[in-house]
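**Q** Provide a 3D model corresponding to the input given below.
(2 chains)
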Amino acid sequence: MASEYRATAPSRTEESAAPSKGAAEARARERLSRRSRREMRFSPYAFVAPFFVFFAAFGLFPLLYTGWASLHRVELTAPTEMEWVGLRNFARLLDDDFFWNALHNTVTIGLLSTVPQLLMALGIAHLLHYRLRGSMFFRVAALTPYATSVAAATLVFVLLFGRDHGMINWALGLAGWDGVDWQNGSFASKVAVSTIVVWRWTGYNALIYLAAMQSVPAELYESAALDGASRRRQFLHVTLPCLRPTILFTCVVSTIGAMQLFGEPLLFNGSAGASGGSDHQFQTLGLYLYEQGWVNLHLGRASAIAWTMFLILLLIGAVNWLLARRLRKSEGASA
Amino acid sequence: MRAPKSSGAGRQLHGGRWTYAVLVVFTAVSLFPLLWTAIAASRNNTRLAQTPPPFWFGGNLFRNLEIAWTDANMGAALLNTVVVAGSVSVGTVLFSTLAGFAFAKLRFRFKNLLMLLVVGTMMVPPQLGVVPLYMLIAELQWTDRLQAVILPTLVGAFGVFFMRQYLLQALPTELIEAARVDGASSLRVVWHIVFPAARPAMAVLAMLTFVQAWNDFFWPIIALTQNGSPTVQVALTGLGRGYIPDQSVIMAGALLGTLPLLLAFVVFGRQIVGGIMQGAVKG
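**A** Next comes the predicted model:
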């Protein structure tokens, strides 16, 4: 900490220049520099203060208070009356079939959306990396789904996935297949919800991968080419290893996104509310949290769900970190 | 694939026919749902309940847009969203630049600890604090007021991190020190040196924040209602839940809610793409 406490360091050089001047001037300078020293010491705090004030009030406090609220019985109708119940909200969750169903759905939809999305993004990024005519057009076009809101995108896809008159079933029909009940099918509905996520985020991730690819040093490709590596091998042995940090980053971000998936399953259900389908077949944890809190009015239980989600994320993060470390270690050993 | 002597670096290779073919298909899939939103918005409910679905525009676009604008509250929603996304962008850019500057170039106590806190919270989904946040705004009687969605999103960890990374390399420390020696106050330094140096990153951050605030979903549908002062996303949710049971009007609403951002993408697409790619390398 002591080494950090050096806010005054630059002004010391000012002082050392002072003695050569006249005495009055030096005094004036001294006064000025004392003021500016004080100002310099405190101004950094003033600069970070607005951020941390808002952050504390609307970020940190709610997060911690969620933990506190999860130990209480709180109803939406009277949010200030809290009755201590200890861990009962959590115990209830473990016994709650809807919770396990929601967790299962979240994981399934998470895999169905994240894996194809990132793989496709890698492929698209690889193609965008070539020298192309109209490359900026392709990039902007790839990003337009990202500009489309969850709500607007889901509303369109509800129509496209319509059972009787939707375009996707119509196309399947042309190919000689039976129509799928995208809304009521247990697996089909998860595929449909995942499709919306994949549509919105593939281009965005492709651009992130593209950025990483562009920062791979060209010499690496040159020497690989000199060694006679084919393009495919260059991709596998030069591009992918260099992209590993970025891939890890997108995996983490997508996992967090998948964990809190909410808008797509909410609106995919049309007017039927937050149940996630007639049989809860695509109710995610985020949706279940909302249903408990704002449909069933149990804010305490909603908080318990929120904290459970947080713990699951921490767990995933820890596993991720361990895996990454292990990977790096084994790589270091083989190199 | 081909001979290794072809100019080495992967970037310099020209895309082949298949590259274009795949990219054209990908682009078509990316754009089609948006195009079809407009097509569906120009039809009527009866036509949308027929097979095969329509592939070209009908004559009902303006009628549907009008219904969505007035009956589904989309007009007010658009105005509200401009206010919300505008304030959030201004606040985020201003506060993030100040904090990012402090983290990048100034020395102060607990700096590393505070920065760690900022980075750590980037990984925490905002959903997790939503219950107390709701209690808070209920206590303040802010439900259905725009400040309920503006204030909680006014700052973001990403912005601080983004500006810090940018200023670390774009702002020469000697410049600040020189101004200091000349007796410039911190505010003058910020105004005359930091802001001009940060301008490109501020513009990018403003655009990214605007898109995000425009499309923010979870918190607004808790804090606002369809008939109070909805944002676009709240109004669209109302539409999706059967507020107006006419699919072509719903699509008109979706179109209205998306069009402003799409237009911004047509104009600023290059900058937004650049900003996202820039943020990616840093992040």
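**Q** Taking chain A, what residue is nearest to chain B?
**A** A:Pro62 (2.9 Å; C-beta to the nearest C-beta). Using the backbone N, CA and C atoms, a C-beta is placed for each residue, glycine as well.
**Q** Apart from its neighbours in sequence, what residue is nearest that residue?
**A** B:Gly129 (2.9 Å; C-beta to C-beta, 6 or more residues apart in numbering or on different chains).
**Q** Could you check how many residues crowd around the one you found?
**A** 25 (other C-beta atoms under 10 Å in any protein chain shown).
**Q** Domains of the chain: list them as residue ranges, please.
**A** You didn't pick a chain, so chain A it is. Recorded structural domains for chain A (assignment: automatic domain parsing) are A:2-69, A:89-334.
**Q** my bad, the chain I had in mind was chain B
**A** B:14-63, B:68-282.
**Q** which stretch among the ones you listed comes nearest A:Val193?
**A** Taking C-beta to C-beta, domain B:68-282 is the member of the domains of chain B nearest to A:Val193, at 13.9 Å.
**Q** list the buried ones in stretch A:87-107?
**A** A:Arg88, A:Asn89, A:Phe90, A:Leu93, A:Phe99, A:Asn101, A:Ala102, A:Leu103, A:Asn105, A:Thr106 (16 or more other C-beta atoms under 10 Å in any protein chain shown).
**Q** Would you state the predicted confidence (pLDDT) at the residue nearest to the second one when sequence neighbours are not counted?
**A** Looking back up the chat, that one is A:Asn89. Once flanking residues are discounted, A:Asn89 sits nearest to A:Ala304: 3.7 Å by C-beta to C-beta, 6+ apart. As predicted, A:Ala304 sits at a pLDDT of 93.
**Q** Among the buried residues of stretch A:87-107, which pair sits farthest apart?
**A** A:Arg88 and A:Asn105 (24.6 Å).
**Q** For B:Arg63, grab the count of nearby residues.
**A** Neighbour number of B:Arg63 under other C-beta under 10 Å is 15.
**Q** Show me the contact partners of the one helix or strand it maps to.
**A** B:Arg63 belongs to helix B:61-70 when assigned by DSSP states H and E. Residues from elsewhere that reach helix B:61-70 (C-beta atoms under 8 Å, 6 or more residues apart in numbering or on different chains): B:38, B:41-42, B:44, B:74-75, B:239, B:244, B:246, B:248-253, B:255-256.
**Q** Show the buried residues in those.
**A** Of the contacts of helix B:61-70, these count as buried by 16+ other C-beta under 10 Å: B:38, B:41-42, B:44, B:74, B:239, B:246, B:248-253, B:255-256.
**Q** for the closest residue to chain A within the stretch 1-150 of chain B, what are its contacts?
**A** Nearest residue of the stretch 1-150 of chain B to chain A (C-beta to the nearest C-beta) works out as B:Gly129 at 2.9 Å. Residues near B:Gly129 by C-beta under 8 Å, 6+ apart: A:Phe58, A:Gly59, A:Phe61, A:Pro62, A:Leu63, A:Tyr65, A:Thr66, A:Ala306.
**Q** switch to 7 Å and redo it
**A** When contacts are counted by C-beta atoms under 7 Å, 6 or more residues apart in numbering or on different chains, B:Gly129 is found next to A:Gly59, A:Pro62, A:Leu63, A:Thr66.
**Q** Restrict the helix or strand the second one falls within to CA atoms and write it as PDB.
**A** Just to be clear, that refers to A:Pro62. Using DSSP H and E, A:Pro62 falls within helix A:61-69. Provided in PDB are the C-alpha atoms of helix A:61-69 (Å, rounded to 0.1, in the frame of the first residue of the first chain):
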ATOM      1  CA  PHE A  61     -25.900  -3.000  -2.700                       C
ATOM      2  CA  PRO A  62     -28.600  -4.800  -4.700                       C
ATOM      3  CA  LEU A  63     -26.300  -7.800  -5.200                       C
ATOM      4  CA  LEU A  64     -25.500  -8.200  -1.600                       C
ATOM      5  CA  TYR A  65     -29.000  -7.400  -0.400                       C
ATOM      6  CA  THR A  66     -30.300 -10.100  -2.700                       C
ATOM      7  CA  GLY A  67     -28.400 -12.500  -0.400                       C
ATOM      8  CA  TRP A  68     -30.100 -11.000   2.700                       C
ATOM      9  CA  ALA A  69     -33.500 -11.000   1.100                       C
END
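**Q** hmm, back to that, near chain A, list only the ones from the buried ones among the contacts of helix B:61-70.
**A** Counting by C-beta under 7 Å from any C-beta of the partner chain, B:Ile250 from the buried ones among the contacts of helix B:61-70 sit close to chain A.
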